[in-house]
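Enquirer: can you look at this prediction? I've put the sequence above it.
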Amino acid sequence: MQVLVTGAAGYIGSHALRALVGAGHRVIALDNLSRGHRGAVPADVPFHQVDVRDTDAVETILREGRVECVMHFAAFTYVGESVEDPLLYYDNNTRGTLSVLRAVERAKTPRLVFSSTAATYGEPTEMPIRETTPQTPINPYGMSKLLSEHMLRDFAAKSPHFGYSVLRYFNVCGCAADASLGEDHEPETHLIPVILQAALGKREKITVFGEDYPTPDGTCIRDYVHVEDLADAHVKVMEALAPGDARVYNLGIGRGHSVKEILDAVRRVVDRPFKVESGPRRAGDPPALYADPSKIERELGWRARHTDIADAIESAWRWFLAHPAGYGD
Ligand code: UFG
């Protein structure tokens, strides 16, 4: 298939692009490079430095490239930043998706896979989280993605020749096995890379945000899913998409790890000391979030292969050791 990958220079987009190429698909990369890295996209892949809100430019790429599927990753993903500047998120994420959908409508592109998030569930009413668990986001980031899901659903309802999928990611982690692609965020706030940066001496310490949660060891529990598994799921979902499909799936491993368990796992993988301190809770962190990923396994046979958290930590550690300055841009 001919696939347009938006946000192709970002962490998840770049891994998905590689999985698509590996599965024999043809790809076109799009990124405005506001947060992505040109070096994350192979030099032999057609690349457009375009903002998804430029509807005419996206439409032209879809038409000229005879694109058969859009994988729409381009978005901002910092919860804290979304609270500080909500309109930035509604503009970049929600208006960005609206623009992509308008271009898809005009170019009659038949498929779209949308990058959504467990943040759309907010503080869930049941655990594990199913696709039918009510979505009540507690921050503008989650809401910007939920509004995009709704637009997609309503657009698809009147477009019988269009098929789409919404993939709700849990805590994405790890890097390409060969350490050629990785996580390079500025600022970095995610737990595993933050700990690894402390181990590398790039930050003084790691602060545990709250040890008084109602969990067995008092720290928050999350479902950590390896980015390569996530990328494979995208390929599988896309290949299954038929006209009229509306496939919504949670992508997680179905099991949680606490912050303390992650710290212990890093200590086993990394032979360097690092300083850990206890801090207060971070606003908006629910105690436990983990997926029921059985729907995608039942319908498409996908399940996460990396279920040992050490695999993900090792791959991220290799990336950091090989690329101390990230992509270096
Ligand atoms: N944490 C710390 N110290 C840190 C960083 C994180 O204790 O320095 C804790 C957090 O409090 C949380 C856990 O580690 O309990 C994971 O935090 P992350 O910031 O790595 O990830 P989040 O769970 O906050 O959010 C991530 C993505 C969201 C997505 C969500 C889905 O960033 O986009 O997973 O579960 F919605």
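Expert: Yep, that arrived.

Enquirer: please make it C-alpha for all contacts and neighbour counts, starting now.
Expert: Noted.

Enquirer: buried residues in stretch 71-86?
Expert: For stretch 71-86, the neighbour count (16 or more other CA atoms under 10 Å) marks 71, 72, 73, 74, 75, 76, 78, 79, 80, 82, 86 as buried.

Enquirer: got TSV for those residues, with pLDDT too?
Expert: Conversion of these to TSV gives the following (pLDDT from 0 to 100):
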residue	pLDDT
71	98
72	98
73	98
74	98
75	98
76	98
78	93
79	90
80	89
82	94
86	97
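
Enquirer: residues near the residue in the stretch 51-200 of the chain positioned nearest to the ligand, how many?
Expert: Going by CA to the nearest ligand atom, the ligand is nearest to residue 190 of the stretch 51-200 of the chain, at 3.3 Å. Applying other CA atoms under 10 Å, we find 14 other residues in the vicinity of residue 190.

Enquirer: backbone dihedrals for it, please?
Expert: phi -70, psi 140 (degrees, to the nearest 10).

Enquirer: look at residue 63 and tell me its secondary structure.
Expert: Following DSSP: H, G, I helix; E, B strand; the rest coil, residue 63 is assigned to helix.

Enquirer: my guess is it meets residue 107, correct?
Expert: Yes: Residue 63 lies in contact with residue 107 (CA atoms under 8 Å); the separation is 5.7 Å.

Enquirer: so is the lowest-mean-pLDDT helix or strand in the chain next to the ligand?
Expert: Across the helices and strands of the chain, mean confidence by mean pLDDT, DSSP states H and E is lowest for helix 79-84: a mean of 92. No: judged by CA under 6 Å from any ligand atom, helix 79-84 and the ligand are separated, with a smallest distance of 6.6 Å.

Enquirer: heads up, I number from 877, so please use that
Expert: OK, 877 is where the count begins now, so the last one is helix 955-960.

Enquirer: name the helices or strands packed onto that helix?
Expert: Packing contacts for helix 955-960, counted by 3 or more CA pairs under 8 Å, 6 or more residues apart in numbering; DSSP states H and E, involve helix 1016-1033.

Enquirer: of all the residues in the helix it packs on, which ones are buried?
Expert: Buried-residue list, helix 1016-1033, by 16+ other CA under 10 Å: 1016-1025, 1027-1029, 1031-1032.

Enquirer: same question for stretch 958-974.
Expert: Here stretch 958-974 shows 958, 962, 964, 965, 966, 968, 969, 970, 971, 972, 973, 974 as buried, counting by 16+ other CA under 10 Å.

Enquirer: wait, what's in contact with the residue lying closest to the second one once chain neighbours are set aside?
Expert: Excluding the flanking residues, the one nearest residue 962 by CA to CA, 6 or more residues apart in numbering is residue 1016, at 5.6 Å. With contact set as CA atoms under 8 Å, 6 or more residues apart in numbering, residue 1016 has these partners: 955, 958, 959, 962, 965, 966.

Enquirer: noted, bye for now.
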